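>>> Provided below are the primary sequence and the corresponding predicted coordinates.
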Amino acid sequence: MIEDGVEGVRLMTVHKSKGLEFPVVILCEITSPFSSGASRHVDPDRKLVAMRLAGGSPWELLEHEDSEAERDRAESLRLLYVAATRARDILVVPAVADEPQKNGWVGPLLPSLYPEERTSRLSIVAPGCPRFPGDDTILERPPRAAPRSGIRPGLHQPERGRHEVVWWDPSLFENPLTTKPGLRRHTLLQATEGDEPGEGGREYERWLERRARILTEGSVPAYRVATVTRLVETEKPAVEGASAVRVAEVQGRDLLRPGGKRFGALVHEILARAPLEAAPSDVEALAESLARILGNSDEERKAAASAVSRALAHPLLERARAASVVFRETPLVYREPEGRLVEGVPDLVFRDEDSDWTLVDFKTDLRLDIAEDAHRSQVALYRLALEEATGIRAEGWLLYI
């Protein structure tokens, strides 16, 4: 239902309009059914609610279908009364002159809208309305339609009631051929030259500005984050202290073993999960379990277990076993001077009381010289983050396994 108020047009439901009054009220959606029939049955004594669902109706609803349908029709009639009595001066009801929509939700009003058939062509000039040039209330008829014999535009006495009804001349609307196809009153949506936006239009413009501002502010990232690995691969920064990173190699490395990312992932998972004091048998059992998860071959599994056992025997790992503080796979974050956050996860960090940190990153590259500069920068960034977080100096190591 559309209600024309003092401050503009308000669109609201019939329920929401209860208790209100407006100079002009327009009833919309005349094709909506007056009553949808019995959809539910409520029995308070039995604490029962029976509802139609997915096209099926329970027996309790079918047994009371007639009474519930009558109750629904009565409620629809009450709602129509509320809608029609909201108007103080004028009630506007869209209608089809030749085919009354008897099943529509305004159906009970039709006797109060349509004149008797014998007087449908006997209209008079409606006061306060323009002179209607046409003689038909149907805008367009099919080419082979019967001669015009419908309701003539103008003021009529309806079949029921003592009020008067004005049937409008649709020819006063703009030519439908000049409007956008499929939308008759398209020109109502178009601003004309010299039109000033009303308060509703100005509020809409303010809303658009607020929306654009919020979207702009929301698209600015609160944090800019980069991982250490991607940073050293893409930007190749010159990190202070990279040259000071020390390089070590596990004794007896098998240079004919498998390689690649899948093998490296298995070695790092075993080193992250295995106790630093793990025996070779424990390492082999863990390697067998992780290899099934990661999809490694038997050759990769055996080579990874052997490489990890050799790594655990390296002096750096022996120092870690004896350290009082040990962190493995610990996330670190470093904030660059311009504000970007750089995060990474070193493989091993340890220290004794009153000593510096020792930071170790494991590598499974068969050749030490392929990406050594990038690896050094990676460990140097880890070291910067660790020193900034703890305020304690750190020594960086690359351990090739």
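Received the coordinates, thanks.

>>> Show the low-confidence segments of this protein, by residue range.
Where the chain drops to pLDDT under 70, the residues are 1-8, 36-37, 143-149, 174-195.

>>> need the helices for it, in chain order.
Listed in chain order, the helices found in the chain under DSSP state H are 59-63, 65-84, 199-218, 228-234, 261-273, 280-294, 298-312, 315-322, 372-390.

>>> who's in contact with the fourth one?
I take that to be helix 228-234. 237, 342-344, 374, 377-378, 381-382 (Cβ atoms under 8 Å, 6 or more residues apart in numbering). Using the backbone N, CA and C atoms, a C-beta is placed for each residue, glycine as well.

>>> redo that, cut-off 6 Å
For helix 228-234, the external contacting residues (Cβ atoms under 6 Å, 6 or more residues apart in numbering) are 342, 344, 374, 377-378, 381.

>>> Could you do the shortest one as well?
For helix 59-63, contacts defined as Cβ under 6 Å, 6+ apart pick out 41, 50.

>>> can I get the CA coordinates of that helix in CSV?
Extracted C-alpha coordinates of helix 59-63, given in CSV (Å, rounded to 0.1, in the frame of the first residue of the first chain):
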residue,chain,number,x,y,z
TRP,A,59,-5.3,-34.6,8.9
GLU,A,60,-5.9,-32.1,11.7
LEU,A,61,-5.8,-29.3,9.1
LEU,A,62,-8.0,-31.1,6.6
GLU,A,63,-10.6,-31.8,9.2
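
>>> mind listing what's buried in it?
60-61 (16 or more other Cβ atoms under 10 Å).

>>> how close does residue 9 get to residue 138?
Distance of residue 9 to residue 138, computed by Cβ to Cβ, to the nearest Å: 27 Å.

>>> Kindly apply the preceding question to residue 233 instead.
75 Å.

>>> ok so, going back, which of residue 9 and residue 138 has more residues huddled nearby?
Neighbours per residue (other Cβ atoms under 10 Å) separate residue 9 from residue 138, with residue 138 holding more: 15 against 12.

>>> quick one, what contacts that one?
97, 150 are the contacts of residue 138 under Cβ under 6 Å, 6+ apart.

>>> Which of the residues in stretch 230-240 are classified as buried?
Those would be 231-232, 239, for stretch 230-240 by 16+ other Cβ under 10 Å.

>>> from the residues you listed, which is closest to residue 253?
Nearest to residue 253 among these: residue 232, at 23.6 Å, using Cβ to Cβ.

>>> hang on, the earlier thing: want to throw the buried residues of stretch 230-240 into CSV with distance to residue 159?
Output for the buried residues of stretch 230-240, formatted as CSV (distance: Cβ to Cβ, whole Å):
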residue, distance to residue 159
231, 84
232, 88
239, 93
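
>>> What is the neighbour count of residue 85?
12.
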